[in-house]
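> the following block contains a protein sequence and its predicted model.
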Amino acid sequence: MGSYLLKTLIRNGYRVYALARSKDNKSAEDRVIDILKFWDRSIATSGLLKNLKIIEGDIAYPGLGIKLKKDTETIISDAEVFFHSAALTDVTAPLELIRKINVEGTRNILDFALECKRRGRLSKVNHISTAYVAGAKKNIEFSEDMLELGQDFNNTYEQSKYEAELLVKQYLNRGLNISIFRSGMIIGDSKEGRTTDFRLFYTALRFFSRGLFSEFPANPICEQNFINIDTVINAILLLAQKPQSKVYHIVSGRGSPVGLFIKLAGDYFGFELPKFIPIEKFNFKKLTPAQAALAGPYVPYFNYTVKFISDQTQKALKEYNFSYPEIDEENIIRNLFYCEKTGFIKKKNDMVLKNA
């Protein structure tokens, strides 16, 4: 989300300070430029990069880990709006690790924002969250004004994002103007299916394409709220213009049956679907330890019963004549095509030829 947001801000002519880490022997600047080129190769030659300043830092540290004092002072004096999208999204990450980034990192961002407000021109913080802070609640309608429901969580990611939102509420009481954007389950862009992240449903589809399961704990009629990355970012940028603190649900108007997504994938890639059995009827003893470990992170989302309500958000978006593209068969197939194009999932005939 952060990289697509950055690309869109630059394309729209904003001056942006982008905080990034060096990683894997790659500088912060190279990492940011490379990901911008991934989304839009022409951006490097368009002259728009003059509006981008890349600052090396790390939200896991106080002061955002910014090494140069002049960079800190520049941000404090110039920044008018923060977008906080940095997060560890690995649903299998240990709680201590994910809290360091998603919760304490959020605290560091908000502390820095307080200093920017006190000494500079900062007027708004936009915090990117997830609709899945609803956690493991069953059969509920989860709206923008809901958070603390006494819920358990399906994984450490959900829990850490919930805890980050609790932290945001504390800083609202300290005078920061913060809006929260909770997105549905993000898939590739609506034009090509392009994505930087093949997690959750993509990964489960790859398991199925390789025949790793003859049976799988899933309810095909349950619905997931899939939404394209470009739709999410375009909606956020419109709503971020509103000056007041709000919580928004950036979710599709209606959910998509997971069975449709899986069937389209099976037809497209030519693999045989496992037999799907709802979780409450599934015999987990039939799974090998390896299968159980592979399936574990995905099972909750194939048996999901929460319905995300977005009436307030939809009302706000109508002011901009904004509507969500349908997550229909054509949209899903574009995402499947991109999986094939990148080699993340191969068609059955391709796998047979390779093995031959």
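Here it is on my side, so go on.
> can you give me the neighbour number for Asp71?
By other Cβ atoms under 10 Å, 18 other residues sit near Asp71. C-beta: built from backbone N, CA, C; applies to glycine.
> that one touches Leu64, doesn't it?
No: checked against Cβ atoms under 8 Å, the pair Asp71 and Leu64 is beyond contact range at 9.5 Å.
> what touches both of the two?
Residues touching both Asp71 and Leu64 (Cβ atoms under 8 Å, 6 or more residues apart in numbering) are Gly57.
> quick check: phi and psi on Thr8?
Note on Thr8: its backbone torsions stand at phi -70, psi -40 [degrees, to the nearest 10].
> and the pLDDT for Leu5?
Note on Leu5: pLDDT of 97.
> the stretch 1-150 of the chain: helices as residue ranges?
2-11, 28-39, 69-78, 95-102, 104-119 (DSSP state H, counting those that start in this stretch).
> let me know the average pLDDT across the third one.
Helix 69-78 comes out with an average pLDDT of 96.
> what packs against that helix?
Packing partners of helix 69-78 (3 or more Cβ pairs under 8 Å, 6 or more residues apart in numbering; DSSP states H and E): strand 16-20, strand 52-56, helix 104-119.
> how about these in a markdown table, adding mean neighbour count, distance to Glu148 and mean pLDDT?
Below are the helices and strands packed on helix 69-78 laid out as a markdown table (neighbours: other Cβ atoms under 10 Å; distance: least, Cβ to Cβ, whole Å; pLDDT from 0 to 100):
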| stretch | mean neighbour count | distance to Glu148 | mean pLDDT |
| --- | --- | --- | --- |
| strand 16-20 | 19 | 30 | 96 |
| strand 52-56 | 19 | 35 | 96 |
| helix 104-119 | 19 | 17 | 98 |
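> any idea how far the closest residue to Leu294 other than its chain neighbours is from Glu319?
Leaving aside its chain neighbours, Leu294 sits nearest to Phe207 (6.1 Å; criterion: Cβ to Cβ, 6 or more residues apart in numbering). Going from Phe207 to Glu319 by Cβ to Cβ, to the nearest Å gives 43 Å.
> okay, the helices of the stretch 1-150 of the chain in JSON lines with distance to Asp58 next?
Compiled in JSON lines, these are given as follows (distance: least, Cβ to Cβ, whole Å):
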{"stretch": "helix 2-11", "distance to Asp58": "14"}
{"stretch": "helix 28-39", "distance to Asp58": "10"}
{"stretch": "helix 69-78", "distance to Asp58": "13"}
{"stretch": "helix 95-102", "distance to Asp58": "9"}
{"stretch": "helix 104-119", "distance to Asp58": "8"}
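> mind listing what the nearest residue to Gly188 once chain neighbours are set aside touches?
If the residues on either side of it in the chain are set aside, Gly188 comes closest to Thr195, at 3.8 Å by Cβ to Cβ, 6+ apart. For Thr195, the contact set (Cβ under 8 Å, 6+ apart) comprises Ile187, Gly188, Asp189, Tyr202, Ile229, Asn335, Tyr338.
> ditto for Glu192
Residues near Glu192 by Cβ under 8 Å, 6+ apart: Arg334, Tyr338.
> go with 10 Å
Asp230, Arg334, Asn335, Phe337, Tyr338, Lys341 (Cβ atoms under 10 Å, 6 or more residues apart in numbering).
> which one among those gets closest to Glu144?
Nearest to Glu144 among these, counting by Cβ to Cβ, is Asp230 at 21.9 Å.
> okay, and the closest one sits in which element?
Using DSSP states H and E, Asp230 maps to helix 229-239.
> picking that back up, return the member of the contacts of Glu192 nearest to Asn154.
Asn335 (22.8 Å).
> start and end of stretch 186-203, how far apart?
With Cα to Cα, to the nearest Å as the measure, stretch 186-203 spans 13 Å from end to end.
> let me see the mean pLDDT of it.
93.
> show me which positions of that stretch end up buried.
Ile186, Ile187, Gly188, Asp189, Ser190, Gly193, Arg194, Thr195, Phe198, Leu200, Phe201, Tyr202 (16 or more other Cβ atoms under 10 Å).
> can you list which of the residues you listed are found in helices?
Within the buried residues of stretch 186-203, residues falling in helices by DSSP state H are Phe201, Tyr202.
> I'd like the buried residues of stretch 186-203 as JSON lines, with distance to Gln291 appended.
Shown next, in JSON lines, are the buried residues of stretch 186-203 (distance: Cβ to Cβ, whole Å):
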{"residue": "Ile186", "distance to Gln291": "27"}
{"residue": "Ile187", "distance to Gln291": "25"}
{"residue": "Gly188", "distance to Gln291": "27"}
{"residue": "Asp189", "distance to Gln291": "32"}
{"residue": "Ser190", "distance to Gln291": "34"}
{"residue": "Gly193", "distance to Gln291": "28"}
{"residue": "Arg194", "distance to Gln291": "31"}
{"residue": "Thr195", "distance to Gln291": "26"}
{"residue": "Phe198", "distance to Gln291": "20"}
{"residue": "Leu200", "distance to Gln291": "17"}
{"residue": "Phe201", "distance to Gln291": "18"}
{"residue": "Tyr202", "distance to Gln291": "18"}
